[in-house]
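*Asks:* Okay, sequence plus prediction incoming.
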Amino acid sequence: MQKVKEFLSNVSKLKIFKIVVCVFGCLVVAILIFRAGMFAGIEKASFGENWESNYFKNFGIENINNNGENSGVAVKNFDNFPNPHGAVGKILKIGNNSIVVLDDKDFTEKNVIISSDTIIKSVRENISFDQLNVDDFVVIIGRPNEDGQIEAKLIRVMPDPSSKDVSIINNKFN
């Protein structure tokens, strides 16, 4: 055991050992940087592949003959195209850090995830998640996640556009 300790103390004093350790450390760092680049490239490529394979569907276009051939395309109605980055409508259900909103534009129920970073405002004032109520009219801005949910960045509680209060507000500004 004593000989091993002496050997290690002598080796650590050698310049060659220090150079080898530095070179090895640089190689490890270079490999980690390379792997990070590969990971980013794979993510970008898979997004590009998914986007390309759903290109026509994403832009509301379908094959005319619907047999899978690219012989021709027809444009669908873009007014009914769902918005994955937000929702405008009434709250149907409030869960644990999530809400379900009936989107007025496309009449779909959208599951909205609320995090600690989500800003929630009632017109201009900040409010908490606990102050949201079923049937509140909300405008939500966020980003879609892999589960088809919207991760909310901003939720604004607004007066319901079909209520009398909104018509009074609109008359003041006209």
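*Replies:* Sure thing, it's come through.

*Asks:* Which positions in stretch 136-145 come out as buried?
*Replies:* Buried residues in stretch 136-145, counted by 16 or more other Cβ atoms under 10 Å: Asp136, Phe137, Val138, Ile140, Ile141, Gly142. Placement of C-beta: from N, CA and C, glycine included.

*Asks:* Could you please name the strands the helix or strand containing Val101 pairs with and the direction of each pair?
*Replies:* Element membership for Val101 (DSSP states H and E) is strand 98-103. Sheet pairing for strand 98-103, assigned by DSSP bridges, gives strand 86-95 (antiparallel), strand 109-113 (antiparallel).

*Asks:* I'd like to know the average pLDDT value across the longest helix seen in the chain.
*Replies:* Counting by DSSP state H, the longest helix found in the chain is helix 15-53. Mean per-residue pLDDT for helix 15-53: 82.

*Asks:* lowest average confidence, helix or strand, in the chain?
*Replies:* Ranked by mean pLDDT, DSSP states H and E, the weakest helix or strand in the chain is strand 73-75, scoring a mean of 47.

*Asks:* ok, back up a step: from the buried residues of stretch 136-145, which land in strands?
*Replies:* Phe137, Val138, Ile140, Ile141, Gly142 (DSSP state E).

*Asks:* of all the residues you listed, which two lie farthest apart?
*Replies:* Taking Cβ to Cβ, the two most distant members of these are Phe137 and Gly142; they sit 16.9 Å apart.

*Asks:* Point out where this protein drops to low pLDDT.
*Replies:* For the chain, the stretches flagged by pLDDT under 70 are 8, 11-13, 47-84, 163-174.

*Asks:* Domain-wise, how is it divided?
*Replies:* If you go by automatic domain parsing, the domain ranges for the chain are 1-81, 84-160.

*Asks:* and those domains, which is most packed in?
*Replies:* domain 84-160 (a mean of 15; mean count of other Cβ atoms under 10 Å).

*Asks:* so what's Asn97 closest to, chain neighbours aside?
*Replies:* Among residues not flanking Asn97 along the chain, Ile114 sits closest, at 5.2 Å (Cβ to Cβ, 6 or more residues apart in numbering).

*Asks:* before we move on, what about Val101?
*Replies:* Spatial nearest neighbour of Val101, chain neighbours left out: Ala87 (4.6 Å); criterion: Cβ to Cβ, 6+ apart.
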